[in-house]
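[1] Pasted the sequence and its predicted model underneath.
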Amino acid sequence: NTLLACYANAGKVGSAERLLSRLHEQSLNPDAFSYGATIKALKNSGKSKDIAIARAKELSQSLERNGGVGNEIIFAHRLSILAKFGLAQQAENLLKEMEE
């Protein structure tokens, strides 16, 4: 997770996603922090709005498909992407989803 945090802070989303994949391949069960760091890397990467939002949602769903739970870490990073692009309505919708 420390290396993922480094990638997140540097916006190296490709490196973060490759490491996340390797963790799965080695049955190391990445957790919400691992996925959250990868989503944070998206925010810091300079990816376009549509790519960042879609990929963050995909990562959140992947966490759940792999037995994890989308917690406040995941939602906070997804919200930060929406905030970066000034998408208040989508942020409100995500908050409602989080409350469910």
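    Here it is on my side, so go on.
[2] Which secondary structure element is home to Leu82?
    Counting by DSSP states H and E, the element that carries Leu82 is helix 72-84.
[3] Run through who's touching that helix.
    32-33, 35-36, 39-40, 42-43, 52-53, 56-57, 60, 63, 88, 90-91, 94-95, 98 (Cβ atoms under 8 Å, 6 or more residues apart in numbering). Quick note: C-beta positions are derived from backbone N, CA and C, even for glycine.
[4] Please indicate which of the residues you listed are buried?
    Using 16 or more other Cβ atoms under 10 Å as the burial test, the contacts of helix 72-84 include 32, 35-36, 39-40, 42-43, 52-53, 56, 60, 63, 90-91, 94 as buried.
[5] Nearest residue to the most centrally placed residue in the chain in space, ignoring adjacent ones along the chain?
    Central residue of the chain (Cα atoms, centre = their mean): Ile39, 2.3 Å from the mean position. Once flanking residues are discounted, Ile39 sits nearest to His77: 4.0 Å by Cβ to Cβ, 6 or more residues apart in numbering.
[6] What residues does the residue of the chain most remote from its centre make contact with?
    Distance from the centre of the chain peaks at Gln26, with 20.4 Å (Cα atoms, centre = their mean). Counting by Cβ under 8 Å, 6+ apart, Gln26 touches no other residue.
[7] just checking, what's the longest helix in the chain?
    Criterion DSSP state H: the longest helix present in the chain is helix 49-65.
[8] ok now do the residue nearest to Glu64 when sequence neighbours are not counted, which residues does it touch?
    Among residues not flanking Glu64 along the chain, Gly70 sits closest, at 5.9 Å (Cβ to Cβ, 6+ apart). Residues near Gly70 by Cβ under 8 Å, 6+ apart: Ala32, Ser60, Leu63, Glu64.
[9] hang on, the earlier thing: for the host helix or strand of the residue nearest to the centre of the chain, give the mean pLDDT please.
    Ile39 belongs to helix 32-45 when assigned by DSSP H and E. Across helix 32-45, pLDDT averages out at 95.
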